[in-house]
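*Asks:* fold the following for me, if possible:
(one chain, ligands or ions: 1)
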Amino acid sequence: MSILKVARLGHPVLREIAQPIEPREIRGPEIQRLIRDMLETMAEYNGVGLAAPQVHVSKRLVLVGGGEDEDGEPIVRVLINPELKTTTTELAGMWEGCLSIPGLRGFVERPRGVEVRAYNEQGQKLQFNLEGFPAVVMQHECDHLDGALFTDRLKDTRLLAFEDEAERYLDGFAGSDDEEEDGAKEGEA
Ligand code: ZN
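*Replies:* A predicted model of the protein is given here:
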């Protein structure tokens, strides 16, 4: 396995529309290796999500954390060719971070629920619903597949800040006391 180099804001790969992966290629060595390397890269940088374009591979593959299994253990989903449908008009506002935009956080509002259709790492078709933080991570990662970054979706351009400044000055920012509330979750994606 290898830790991959993460593309940073300004690299054109982050603005491309990523290509779908042929379902029959999912179990092949190239995609399996990419999945393993991306998992290792995300763990190395303590990411809560990672999209293939962030490691210079313009393919529709994302890793999405932020959720838990039935036993309350954190899980990372591997999702290929994901398609999202909003399931609510209610919005979740969060201070988002991105491994491709290190050190910055921005306040973004997104629908708080989505239905996901995708293939998993074994090439099986999945359909499931996400709510709250994992739904936000999912939408952030899928944006990467369409060349969009959280800075394109700021609710207000004044709500972009260096992480250490935000920690000192902004209520509800990740790292402040009330970590259970929306907007106070940790992690770059
Ligand atoms: Zn990101």
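*Asks:* and the protein, which residues reach the ion?
*Replies:* Residues of the chain lying close to the ion by C-beta under 5 Å from the ion are 98, 189. Every C-beta, even on glycine, is put in place using the N, C-alpha and C of the backbone.
*Asks:* just for this protein, where's the confidence low?
*Replies:* For the chain, applying pLDDT under 70 flags the ranges 171-186.
*Asks:* now with 90?
*Replies:* Applying pLDDT under 90 to the chain flags residues 1, 67-70, 72, 155, 164-189.
*Asks:* for it, which strand is longest?
*Replies:* As assigned by DSSP state E, the longest strand anywhere in the chain is strand 74-86.
*Asks:* just the buried positions in that strand, please.
*Replies:* Of all the residues in strand 74-86, those buried under the rule 16 or more other C-beta atoms under 10 Å are 76-82, 84.
*Asks:* cool, and stretch 44-62?
*Replies:* For stretch 44-62, a neighbour-count test (16+ other C-beta under 10 Å) marks 47-55, 57, 59-62 as buried.
*Asks:* from the ion, how far out is residue 159?
*Replies:* According to C-beta to the ion, to the nearest Å, residue 159 and the ion sit 17 Å apart.
*Asks:* got the contact list for residue 118?
*Replies:* The neighbours of residue 118, taking C-beta atoms under 8 Å, 6 or more residues apart in numbering as the test, are 79-83, 125-126.
*Asks:* distance of it from residue 93?
*Replies:* Between residue 118 and residue 93 the computed distance is 25 Å (C-beta to C-beta, to the nearest Å).
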